[in-house]
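Asks: What would the 3D arrangement of this be:
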Amino acid sequence: MWVIPGNNQTRVSKFILLGFSSDPTTSSILFIVFLLIYLSSVMGNGLISLLICLDSHLHTPMYFFLCILAMLDMAYVTTTMPQMLVHLLAHSKTISFAGCWIQMYLFGALALTECTLFVVMAYDRYVAICYPLHYTVILNWGLCIRLTTGSLVCGFLSALLHTSFTMSLPYCGPNKVNHYFCEGPAVLSLACMDTHLIEMVDQVLSILMCLIPISLIMTSYIHIVMTVLKIKSSQARCKAFSTCTSHLTVVTFFYGPGTYIYMRPNSSYSPERDKQISLFYNAFSALLNPMVYSLRNRDIKRAFLKVLAHGRVDY
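Replies: Numbering: from 1, shown residues only. Just a heads-up that it's a prediction; the model follows:
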């Protein structure tokens, strides 16, 4: 700890992440489980990204956004899981104040970028199903790049605002974070001052980055459902609903737990419950995405089979 200039209070220089368990046996079991989850997430999303890059048949806006999502998921889960795995086996579970700041920022930036990207993906499905003849004109590559860049800028700037507010508060002790990584609400609960203002900022950001994207996604799918129901061919309807179901599944797993954590009052903060819930939009979400998109997508499976059969894909 260090002394705050002009003040008798001391400020913590590091945090202790309590994680899930202090029992060595339980920690060893959790290490194996989370290691398998992490490796599966990275390899699954990495494989999807590779297949989309290599197969020219997948060079469409839909798969471009899916490739971006897969790369975000790899980075997203890597901000927390490797450190958690080390802490499950190591005696010391500390993280420096600067390290906590960086982890909170990167985690928030990648999560908020995904929030925006899910809206972009919903818009892609809306254009593809409601305006199929104008799909390539409306959703040209220039617009795809701008939408992706906008998602990144929006996510990283919003996270910078949130992290700066949270980490600028005085932390005088205790310094034990009852979480497996430096998540905003868990760290905020240790601040030695009134956090009412930062809670209000969090609520505003949550509304902007959660409720608005969810509303836009639901609006897109209302129009999609109305259009699909007008399609006479049952096979075409099933194909349209199939691509939408995959997207809605990952959106639900991501937005549901995340909205609960960041939109409820800080007074209802429950460390043990929140740690478990955060796994859904962190570890399990990154694991679920490649499973949903690969198992339900014929083009991805076809590209994968080409690789297995020939060791490459045809351009």
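
Asks: Could you use CA atoms for every contact and neighbour count after this?
Replies: OK.

Asks: just for the stretch 1-150 of the chain, where's the confidence low?
Replies: Applying pLDDT under 70 to the stretch 1-150 of the chain flags the ranges 1-10.

Asks: For the stretch 151-300 of the chain, which segments count as helices?
Replies: 184-188, 196-206, 212-228, 234-263, 271-279, 285-295, 298-310 (DSSP state H, counting those that start in this stretch).

Asks: And residue 15, its phi and psi?
Replies: phi -120, psi 160 (degrees, to the nearest 10).

Asks: Need the helices of the stretch 151-300 of the chain in CSV (columns: distance to residue 103 and mean pLDDT).
Replies: Shown next, in CSV, are the helices of the stretch 151-300 of the chain (distance: least, CA to CA, whole Å; pLDDT from 0 to 100):
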stretch, distance to residue 103, mean pLDDT
helix 184-188, 10, 84
helix 196-206, 18, 75
helix 212-228, 24, 88
helix 234-263, 17, 76
helix 271-279, 15, 79
helix 285-295, 17, 80
helix 298-310, 32, 78
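
Asks: Now render those helices as JSON lines, adding mean neighbour count and distance to residue 21.
Replies: Below are the helices of the stretch 151-300 of the chain laid out as JSON lines (neighbours: other CA atoms under 10 Å; distance: least, CA to CA, whole Å):
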{"stretch": "helix 184-188", "mean neighbour count": "21", "distance to residue 21": "17"}
{"stretch": "helix 196-206", "mean neighbour count": "16", "distance to residue 21": "29"}
{"stretch": "helix 212-228", "mean neighbour count": "17", "distance to residue 21": "35"}
{"stretch": "helix 234-263", "mean neighbour count": "17", "distance to residue 21": "21"}
{"stretch": "helix 271-279", "mean neighbour count": "15", "distance to residue 21": "11"}
{"stretch": "helix 285-295", "mean neighbour count": "21", "distance to residue 21": "22"}
{"stretch": "helix 298-310", "mean neighbour count": "15", "distance to residue 21": "39"}
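
Asks: Out of the ones you listed, flag the one nearest residue 131.
Replies: Each of the helices of the stretch 151-300 of the chain was scored for nearness to residue 131 using CA to CA, and the closest is helix 212-228 (9.6 Å).

Asks: about what we covered before: compare the helices of the stretch 151-300 of the chain and give me the one nearest residue 87.
Replies: Closest approach to residue 87 among the helices of the stretch 151-300 of the chain (CA to CA): helix 271-279, 15.0 Å.

Asks: now that closest one, how far from the chain's geometric center?
Replies: In terms of CA atoms, centre = their mean, to the nearest Å, the centre of helix 271-279 is set 15 Å apart from its chain centre.

Asks: re earlier: with distance to residue 114 added, can I get the helices of the stretch 151-300 of the chain in CSV?
Replies: Shown next, in CSV, are the helices of the stretch 151-300 of the chain (distance: least, CA to CA, whole Å):
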stretch, distance to residue 114
helix 184-188, 17
helix 196-206, 14
helix 212-228, 10
helix 234-263, 9
helix 271-279, 15
helix 285-295, 11
helix 298-310, 21
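
Asks: Fine by me, we can end here.
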